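Colleague: give the three-dimensional model of this entry:
(chains A and B)
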Amino acid sequence: MNDMRLTKQDVDMQDVKISAKGVQVFYGDTHAIKDVDVEIKDKTVTAFIGPSGCGKSTFLRCLNRMNDTIDICRVEGSIQLDGENIYDKRVDPVQLRAKVGMVFQKPNPFPKSIYDNIAYGPRIHGLAKNKADLDEIVEKSLRRGAIWNEVKDRLHAPGTGLSGGQQQRLCIARAVATEPEVLLMDEPCSALDPIATAQVEELIDELRANYSVVIVTHSMQQAARVSQRTAFFHLGNLVEYGETGTIFTNPTDPRTESYITGRIG
Amino acid sequence: MNSETHIASAFDRDLEAIQALVVKMGGLVEHNISDAARALEDRDVELAAQVRAADKAVDALEEQINVEAARVIAIRAPAASDLRTVLTVMKIAGNLERCGDYSKNLAKRTAILSQMDPIGGTAKSIRRMAREVEQMLKISLDAYIQRDVTLAEEVRHRDLDVDQMYNALFREFLTHMMEDPRHITACMHLHFIAKNIERMGDHATSIAEQVIYLVTGSLPDESRPKGDLTSTSDMGLS
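Modeller: Numbers count the residues shown, from 1 in each chain, chains lettered A, B, ... in the order given. Predicted coordinates for the structure are as follows:
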């Protein structure tokens, strides 16, 4: 109980990293996100939970403008990253996505070597001055992805030859290679076995020291384990958002209660 | 509280089964308190022996509840009101087990006391106190079954009456012991009995507080009236 309160205080003290206000998302005629206000804290893991089709992934994809790639998708409202509107015309989505990295459900390493998987981002963003610089970034990123020890002797082997869990950690390492400030994860463990899941969860907890992490997950136990704050989405609405321990022991909204206790809601 | 059913209906059955065990345990304990107090007043050694034997069933139920609760936690990973249900079930079973033990202890002392002279009308007063505690226990369990915070609050406030009954008995025992030192042994036993019944009242109150936690998600603050003065004053006798 005391520990929970410590975490709560710890999180309350963190600055707001992303501030979304009145966000609406439409896919053609479908109103997918309805007037969502949310403040995501820095150096905190925030979990989005909710049944399929509730809008949690859609909202996550708004945070680095991944929805721009869908023609019929329209986003309204304001999303600010460190006080700057990310939907401003002057913002380059490619630069934005270097700052707001993303990891997907299915590990998707490039069909290249492990080394090139990591080096790709820093190269196109011009983050390395020379080969030695790049080597250092690759090693640092692989260490942050908690996979360095497993791949250091075969950096030039194809990334696709790794196991599922290793591939996902490689993708996380690739996402952190461009020095992002926010890391978005869409169901990062749903294709992994329990051991690989535990490794990725451990990694998420370590990443919290440097990044703001937002994770979408169908596993409520995972949300409870890895996050400090939890947001529950239902039918496109943000129903409840609060400290994870409170959400899982004493939620305020009956819809949250029904969902997390496994009742029809 | 949530009246909807779980998608996994076996989860509902598990929770209902554990709660049925608590209700059964509560019924047994109420019965034992009442029998033990009756045995004391009627100097019925045989009934006292039955109470002592009946406590085994109470202990067995507590163990069964703990095993089932651990199983539900391991298998279902309950959250929110389900989690609070499992947590309160375990605590309430603990409270009931203590009440059962106190009744058993009352019955044990009855066997000794029946060989001594009665101490005025104290056995009758003790029985009245036991009846009050039994009522509190009954109401707190009703509050639990109905998830009724108002009923639970009633129990919390009723504990004051039990405390006052205990204060009165404490004073009466002191008087009897000062009047005739031959009464000391019996009074010591009777005092332990009175104290134990007062403790049962505290356990009933604790069950009522668990009901409040179960329904609201937070325990009530420590503002209920308390009336046991025996540990803080000399009761005007020295």
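Colleague: all helices for the stretch 151-265 of chain A, in order.
Modeller: Along the stretch 151-265 of chain A, counting by DSSP state H, counting those that start in this stretch, helices occupy A:164-176, A:194-207, A:220-226, A:244-249, A:254-260.
Colleague: chain center to the last one: distance?
Modeller: The chain centre lies 23 Å from the centre of helix A:254-260; the measure is C-alpha atoms, centre = their mean, to the nearest Å.
Colleague: any idea of the mean pLDDT in the strand or helix carrying residue A:97?
Modeller: Assessed by DSSP states H and E, residue A:97 sits inside helix A:93-99. Confidence over helix A:93-99 (mean pLDDT, whole number) is 91.
Colleague: next, the buried residues of that helix.
Modeller: Neighbour-count burial for helix A:93-99, counted by 16 or more other C-beta atoms under 10 Å in any protein chain shown, picks out A:96, A:97, A:98, A:99. Any C-beta I mention is one placed from the backbone N, CA and C, and that applies to glycine too.
Colleague: quick check: chain neighbours aside, which residue is closest to the third one?
Modeller: Read that as residue A:98. residue A:178 (4.3 Å; C-beta to C-beta, 6 or more residues apart in numbering or on different chains).
Colleague: contact partners of the helix holding residue A:97?
Modeller: The contact list for helix A:93-99 (C-beta atoms under 8 Å, 6 or more residues apart in numbering or on different chains) reads A:64-66, A:68, A:81, A:86, A:121, A:125, A:178-182.
Colleague: geometric centre of the chain: which residue is closest?
Modeller: No chain was given, so I picked chain A. Nearest residue to the geometric centre of chain A (C-alpha atoms, centre = their mean): residue A:184, 1.9 Å.
Colleague: nope, chain B please
Modeller: The residue lying closest to the centre of chain B (C-alpha atoms, centre = their mean) is residue B:200, at 3.5 Å.
Colleague: just give me the neighbour total for whatever residue of chain B ends up closest to chain A.
Modeller: Nearest residue of chain B to chain A, counting by C-beta to the nearest C-beta: residue B:217, 3.2 Å away. For residue B:217, the neighbour count with other C-beta atoms under 10 Å in any protein chain shown is 15.
Colleague: then the one 5 residues further on?
Modeller: Neighbours of residue B:222 under the rule other C-beta under 10 Å: 7.
Colleague: next one: residue B:171
Modeller: Residues lying near residue B:171 (other C-beta under 10 Å) number 15.
Colleague: returning to that earlier point: state the next helix or strand along the chain beyond the helix holding residue A:97.
Modeller: Immediately after helix A:93-99, counting by DSSP H and E, sits strand A:100-103.
Colleague: for that next one, buried residues please.
Modeller: Neighbour-count burial for strand A:100-103 [16+ other C-beta under 10 Å]: A:100, A:101, A:102, A:103.
Colleague: can you tell if stretch A:240-249 touches chain B?
Modeller: Yes. With C-beta under 8 Å from any C-beta of the partner chain as the criterion, chain B is reached by stretch A:240-249 at A:248, A:249.
Colleague: name the residues that touch that stretch?
Modeller: A:4, A:7-8, A:11, A:38, A:47, A:220, A:223-224, A:227-232, A:251-253, A:255-256, A:260, B:79-80, B:83-84, B:217.
Colleague: show me just the buried residues among the residues you listed.
Modeller: In these, burial by neighbour count holds for A:7-8, A:11, A:38, A:47, A:220, A:223-224, A:227-232, A:251, A:255-256, A:260, B:79-80, B:83-84, counting by 16+ other C-beta under 10 Å.
Colleague: alpha carbons of the helix holding residue A:97, as PDB, please.
Modeller: In PDB, the C-alpha atoms belonging to helix A:93-99 read as follows (Å, rounded to 0.1, in the frame of the first residue of the first chain):
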ATOM      1  CA  PRO A  93       5.900  14.100 -39.500                       C
ATOM      2  CA  VAL A  94       9.200  12.300 -40.200                       C
ATOM      3  CA  GLN A  95      11.000  14.400 -37.600                       C
ATOM      4  CA  LEU A  96       8.100  14.000 -35.200                       C
ATOM      5  CA  ARG A  97       8.300  10.200 -35.500                       C
ATOM      6  CA  ALA A  98      12.000  10.300 -34.600                       C
ATOM      7  CA  LYS A  99      11.000  12.000 -31.400                       C
END
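Colleague: and the residue of chain B closest to chain A, what's its pLDDT?
Modeller: Looking at residue B:217, its pLDDT is 90.
Colleague: so where do the strands sit in the stretch 1-150 of chain A?
Modeller: All strands of the stretch 1-150 of chain A, identified by DSSP state E, counting those that start in this stretch, fall at A:16-27, A:30-41, A:45-49, A:73-81, A:84-85, A:100-103.
Colleague: just so I know, which of those strands lies nearest residue B:25?
Modeller: Proximity to residue B:25 (C-beta to C-beta) singles out strand A:45-49 among these, at 36.5 Å.
Colleague: so where's the chain shaky on pLDDT?
Modeller: Picking chain A for this. For chain A, the stretches with pLDDT under 70 are A:1-12, A:264-265.
Colleague: please refer instead to chain B.
Modeller: For chain B (pLDDT under 70), the answer is B:1-3, B:236-238.
Colleague: how about the residues of it that lie near chain A?
Modeller: B:2, B:4-8, B:11, B:77-84, B:217-218.
Colleague: hmm, try it at 10 Å
Modeller: Residues of chain B found near chain A (C-beta under 10 Å from any C-beta of the partner chain) are B:1-8, B:11-12, B:76-85, B:87, B:213, B:216-218.
Colleague: ends of stretch A:249-263, what's the gap?
Modeller: Criterion C-alpha to C-alpha, to the nearest Å; first-to-last residue distance in stretch A:249-263 is 15 Å.
Colleague: CA atoms of stretch B:67-82 as CSV?
Modeller: The C-alpha trace of stretch B:67-82 is given here as CSV (Å, rounded to 0.1, in the frame of the first residue of the first chain):
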residue,chain,number,x,y,z
VAL,B,67,-7.6,-22.3,0.6
GLU,B,68,-10.4,-21.4,-1.8
ALA,B,69,-9.5,-17.7,-1.6
ALA,B,70,-5.9,-18.4,-2.5
ARG,B,71,-7.1,-20.5,-5.4
VAL,B,72,-9.3,-17.8,-6.8
ILE,B,73,-6.4,-15.3,-6.5
ALA,B,74,-4.0,-17.7,-8.3
ILE,B,75,-6.4,-18.7,-11.0
ARG,B,76,-8.7,-15.6,-11.6
ALA,B,77,-6.4,-12.7,-10.7
PRO,B,78,-9.4,-10.8,-9.3
ALA,B,79,-9.4,-7.0,-9.7
ALA,B,80,-11.4,-4.1,-8.2
SER,B,81,-14.6,-5.3,-6.4
ASP,B,82,-13.7,-8.9,-7.0
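Colleague: take the residues of chain B next to chain A and keep only those in helices.
Modeller: The helices, defined by DSSP state H, take in B:11, B:12, B:76, B:80, B:81, B:82, B:83, B:84, B:85, B:87, B:213, B:216 from the residues of chain B next to chain A.
Colleague: highest neighbour count among those residues?
Modeller: Highest neighbour count within these: residue B:82, with 24 neighbours (other C-beta under 10 Å).
Colleague: for residue A:41, see how far away that residue is.
Modeller: Using C-beta to C-beta, to the nearest Å, residue B:82 is found at 29 Å from residue A:41.
Colleague: next one: residue A:124
Modeller: Per C-beta to C-beta, residue A:124 is found 30 Å from residue A:41.
Colleague: the two: which is more packed in?
Modeller: Neighbour comparison, residue A:124 and residue A:41: the larger count goes to residue A:41, with 19 against 11 (by other C-beta under 10 Å).
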